[in-house]
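Undergrad: Task: produce atomic coordinates for the following.
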Amino acid sequence: MNIYVLVKRTFDTEEKIVVSNGKIQEDGAEFIINPYDEYAIEEAIQKRDAFGGEVTVVTIGGEDAEKQLRTALAMGADKAVLINTEDDLDEQDQYTTAYILAEYLKDKEADLILAGNVAIDGGSGQVAPRVAELLGINYVTTITSLEIDGQTAKIVRDIEGDSEVLETSLPLLVTAQQGLNEPRYPSLPGIMKAKKKPLEELELDDLDIDEDDVEVKVETVEIYLPPQKAAGRILEGDLQDQVKELVNLLHTEAKVV
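TA: Reported below is the predicted structural model:
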């Protein structure tokens, strides 16, 4: 089975993020594999182990993204591809990213393509479905279960408050939701093996892509951190007095009643 995983290098949201002059300051920031992509990598490895074939992880960015690709290789992926746009593109949006990935994948005869449901930095969830549309293949988002039998895939996907069961055919693109599996940690032997696994680096010229082909469609107007939350207030006294004070506060301060 020919399996590809779309991976994104993202900020670690557990770390402090600094925004200055409308941009996130990367100096000193910690970067990780987008957590939802880890579910996709794990599922790809499990399907490869069950059906044979190989897993290739793909990302777009600069040379700094090699660290995240090596982590994916240490988890158990077979090959990695970095499409380096650092020198070619000043900006990227979902359209740009999807177009580049689709151009890379169009002649790869992928049986299964996996990606994270969303990236924790942008949260749009657009790239993977756009890739599937450009490739003209089936896709299902937010999956929590994937069973493959020949060319048929049985899928459970997460919907608000419930689950939906679907059946479709390969080739297929799916996006992974939390609960699909439990991603493994890279082992020491895996880390050592990852150093010798192939990591191919491509540029837009290698894909016959002109900069005009991937001109961004979205303009980022402003980036800012959410406002700091005010400290909570504990009401004291008898229950009846607390209720009166709460109603008064909701009316005078919160202005919701």
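Undergrad: Every contact and neighbour count from this point should use C-alpha atoms.
TA: Fine.
Undergrad: What segments of the stretch 101-250 of the chain are helices?
TA: Assigned by DSSP state H, counting those that start in this stretch, the helices in the stretch 101-250 of the chain fall at 127-135, 188-194, 239-252.
Undergrad: With only the CA atoms kept, save the second one in CSV.
TA: Meaning helix 188-194. Extracted in CSV, the C-alpha atoms of helix 188-194 (Å, rounded to 0.1, in the frame of the first residue of the first chain):
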residue,chain,number,x,y,z
LEU,A,188,16.0,5.2,20.7
PRO,A,189,16.5,2.5,18.0
GLY,A,190,13.9,4.4,15.9
ILE,A,191,15.8,7.7,16.3
MET,A,192,19.0,6.0,15.3
LYS,A,193,17.4,4.4,12.2
ALA,A,194,15.8,7.7,11.3
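Undergrad: okay, and the helix or strand of this structure with the least pLDDT?
TA: strand 23-24 (a mean of 70; mean pLDDT, DSSP states H and E).
Undergrad: who's in contact with that one?
TA: Residues outside strand 23-24 that contact it (C-alpha atoms under 8 Å, 6 or more residues apart in numbering): Ile17, Val18, Ile223.
Undergrad: Which one of those residues is nearest to Val140?
TA: Ile223 (30.5 Å; C-alpha to C-alpha).
Undergrad: distance of the closest one from Lys23?
TA: 6 Å (C-alpha to C-alpha, to the nearest Å).
Undergrad: Also Val174?
TA: Val174 sits at a distance of 31 Å from Lys23 (criterion: C-alpha to C-alpha).
Undergrad: now swap in Glu167 and tell me
TA: 43 Å.
Undergrad: repeat for Leu199
TA: Taking C-alpha to C-alpha, one finds Leu199 at 30 Å from Lys23.
Undergrad: Now do the buried residues in stretch 91-101.
TA: Gln92, Asp93, Gln94, Tyr95, Thr96, Thr97, Ala98, Tyr99, Ile100, Leu101 (16 or more other C-alpha atoms under 10 Å).
Undergrad: same thing with stretch 146-158?
TA: Leu146, Ile148, Ala153, Ile155, Val156, Arg157, Asp158.
Undergrad: And stretch 66-75, by the same measure?
TA: Within stretch 66-75, judged by 16+ other C-alpha under 10 Å, the buried ones are Glu66, Gln68, Leu69, Arg70, Thr71, Ala72, Leu73, Ala74, Met75.
Undergrad: Identify those among those residues that sit within helices.
TA: Glu66, Gln68, Leu69, Arg70, Thr71, Ala72, Leu73, Ala74, Met75 (DSSP state H).
Undergrad: how about those residues in CSV, adding distance to Ile120 and pLDDT?
TA: CSV is the format used below for those (distance: C-alpha to C-alpha, whole Å; pLDDT from 0 to 100):
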residue, distance to Ile120, pLDDT
Glu66, 19, 94
Gln68, 15, 95
Leu69, 18, 96
Arg70, 20, 95
Thr71, 18, 96
Ala72, 18, 96
Leu73, 21, 97
Ala74, 22, 96
Met75, 20, 96
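Undergrad: Now do the strands in the stretch 51-200 of the chain.
TA: 54-61, 79-84, 112-116, 138-149, 152-159, 162-169, 172-176, 199-202 (DSSP state E, counting those that start in this stretch).
Undergrad: Highest mean neighbour count out of those?
TA: strand 112-116 (a mean of 27; mean count of other C-alpha atoms under 10 Å).
Undergrad: In the sheet, which strands lie alongside it, parallel or antiparallel?
TA: Strand 112-116 has its sheet partners listed here by DSSP bridges as strand 2-6 (parallel), strand 172-176 (parallel).
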